[in-house]
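got a sequence here, can you build the structure:
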Amino acid sequence: MALENYIRDIQGFPKEGILFKDITPLLLDSKARLECLEILVSTLKDKKIDKVIGVESRGFFFGILLAQELSVGFIPVRKPNKLPFATLSASYDLEYGSDTLEIHCDAIQKGERILIHDDVLATGGTAKAVCELVERLGGIIVQCNFIMELTLLNGRAKIAGNEIFTAITF
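A predicted model of the protein is given here:
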């Protein structure tokens, strides 16, 4: 199954000059969704993982599925003021601005092995911020895991030194 056929291009979203890769068609198709999950899990079979991070908001879809498949806890990393408990934050630059992400201060115990999942690796700013949060809490990053990678934007450079897996590359 060619998963890239389930990714829709949206020109000019969220602002002019951006080509947005929409995963909604993938989410709508149960066979494509299952195939994507199997591909994402395929590189994790022999890795010890304690928790999965899903990055707001599209990282939640497969992040929670990965946590369920691996029988481990799930950690939501969210935009500011969305988490109800004490948080740690990290700011980052996007291809169209800047933003901040937060994690609960008690989400990761020192030495826990963490899988980071998001829908897309683009410029790498979001992934780098999440890696910083994991490391500041004493977690060990097992893998940065994405549905797709936009290779032209070279996001890998920002998270170099971490194992990276993407199911689809554009």
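
quick one: the helices in this protein?
For the chain, the helices defined by DSSP state H occupy 24-28, 30-42, 59-70, 125-136.

want to throw the ones you listed into CSV with mean pLDDT?
Listed next are those as CSV, based on pLDDT from 0 to 100:
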stretch, mean pLDDT
helix 24-28, 98
helix 30-42, 98
helix 59-70, 98
helix 125-136, 97
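
make JSON lines from those helices and add distance to His104 to it.
The C-beta positions use only the backbone N, C-alpha and C, and glycine is treated the same way. Output for those, formatted as JSON lines (distance: least, CB to CB, whole Å):
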{"stretch": "helix 24-28", "distance to His104": "26"}
{"stretch": "helix 30-42", "distance to His104": "24"}
{"stretch": "helix 59-70", "distance to His104": "15"}
{"stretch": "helix 125-136", "distance to His104": "10"}
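
return the most buried member of those.
Relative to the other members of the helices of the chain, helix 125-136 carries the highest mean neighbour count by mean count of other CB atoms under 10 Å, namely a mean of 22.

just the angle between that one and helix 59-70, please?
50 degrees (axes from the mean of the first three to the mean of the last three CA atoms, to 10 degrees).

which strands and helices lie in contact with helix 125-136?
strand 51-55, strand 87-94, strand 97-104, strand 113-121, strand 140-149 (3 or more CB pairs under 8 Å, 6 or more residues apart in numbering; DSSP states H and E).

buried sites along stretch 159-170?
Buried residues in stretch 159-170, counting neighbours by 16 or more other CB atoms under 10 Å, are found at Ile159, Asn162, Ile164, Phe165, Thr166, Ala167, Ile168, Phe170.

mind listing what the fifth one touches?
Read it as Thr166. With contacts defined as CB atoms under 8 Å, 6 or more residues apart in numbering, Thr166 is in contact with Leu121, Asn145, Phe146, Ile147, Met148, Glu149.

pretty sure the last one sits against Thr169.
Looking back up the chat, that one is Glu149. Yes. Using CB atoms under 8 Å, Glu149 makes contact with Thr169 at a distance of 4.9 Å.

right, so of the helices and strands packed on helix 125-136, which gets closest to Pro80?
When the helices and strands packed on helix 125-136 are compared for distance to Pro80 using CB to CB, the nearest one is strand 97-104, at 5.1 Å.

and of the contacts of Thr166, the nearest to Ser71?
Ranking the contacts of Thr166 by separation from Ser71, with CB to CB as the measure, puts Asn145 on top at 16.5 Å.

give me the residue at the spatial middle of the chain.
Note on the chain: the residue nearest the mean C-alpha position is Asp118, at 1.6 Å, using CA atoms, centre = their mean.

done for today, thanks.
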